[in-house]
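J.: my questions concern the predicted model and sequence given below.
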Amino acid sequence: MHCAGLVNLARMECGLTPIGLTKQYGDWLWNEGTGAYFDTSSPGVPGAICVKPWDGWSEGHVAIYADAHTLIQAVLNPGVYEGEQDYDSYNWAGYTTYGLMPDVDYSDVQGWGDVNQEATAYVAVDAQGYLRLNGPDWSGGWWDAGWKWHDA
Amino acid sequence: MAVTGMDIVNAARQFAGAPYRYWTGAVPEYGPPGYGDWQAAGYYTPGYVWSEGCTAPGW
């Protein structure tokens, strides 16, 4: 399935109507007043979405937040998977919009990002040599919360 | 009962591992079981059938 197909199917699993493709998701959030400009530094809440609407020229994308920064999404390779961080995904997807779906109840997770800040469990060094807090790629080694160095 | 954000996440997780397919230009259609059985529906939950394009039976 493609990116918007995953969101459509997840909604249908929950008894909600599919919204359409990336443009429809983006328009929907803004029209309903739940859309916001995407900001990599703002934590998301589970079940929220981030969108780059198809604009007629460049490919769009839409993904679902599983926690403050982790996305579940359908991409060309490897397909549907959970794990990419929104700030990494932004580098290729170019999200413009973040938002809560208007017909979903987020009352149990409202403020989730504010009260569930990611604790620094470790600092990873990724393949490019960048430091990543709790990063998924520690191929360059990592420090644990006791600040002890580990080779990858 | 209202659908919660975690309901959406858990529903999406059921599809983890499904392969990517390009959107082919057709408006997705959804129908009852049996509709469009000629499509590869293996990754979709029972009750939903996904039309990925303009492929016709027998192609």
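T.: Sure, I can see it.
J.: any weak-confidence spans in chain A?
T.: Applying pLDDT under 70 to chain A flags the ranges A:110-120, A:145-147, A:152.
J.: which single residue of it ends up nearest chain B?
T.: As assessed by CB to the nearest CB, chain B sits closest to A:Gly47 within chain A, at 2.5 Å. (Each C-beta comes from the backbone N, C-alpha and C, glycine too.)
J.: let me see the contact set for that residue.
T.: A:64-65, A:100-101, A:104, A:106, A:109, B:4-9 (CB atoms under 8 Å, 6 or more residues apart in numbering or on different chains).
J.: what's the burial count for the residue lying closest to it once chain neighbours are set aside?
T.: Spatial nearest neighbour of A:Gly47, chain neighbours left out: B:Gly5 (2.5 Å); criterion: CB to CB, 6 or more residues apart in numbering or on different chains. Neighbour count of B:Gly5, defined by other CB atoms under 10 Å in any protein chain shown: 25.
J.: how about A:Val125, nearest residue that isn't a chain neighbour?
T.: Of all residues not flanking A:Val125 in the chain, A:Gly140 sits nearest, at 3.2 Å (CB to CB, 6+ apart).
J.: I'd say the one you found and A:Arg132 touch.
T.: No - in this structure, A:Gly140 is not within contact of A:Arg132 by CB atoms under 8 Å, at 9.5 Å.
J.: overlap in contacts of the two?
T.: Joint contacts of A:Gly140 and A:Arg132 (CB under 8 Å, 6+ apart) are A:Ala124, A:Val125, A:Asp126.
J.: kindly list the main-chain dihedrals of the residue lying closest to the last one once chain neighbours are set aside?
T.: The shortest distance from A:Asp126 to any residue that is not its chain neighbour, by CB to CB, 6+ apart, is 4.1 Å, and that residue is A:Asp137. Per-residue torsions, A:Asp137: phi -110, psi 110 (degrees, to the nearest 10).
J.: wait, A:Ala48 sits on A:Tyr65?
T.: Yes - with contact defined as CB under 8 Å, A:Ala48 counts as touching A:Tyr65 (4.6 Å).
J.: ramachandran angles for A:Ala10?
T.: Phi and psi for A:Ala10, reported as degrees, to the nearest 10, are phi -60, psi -40.
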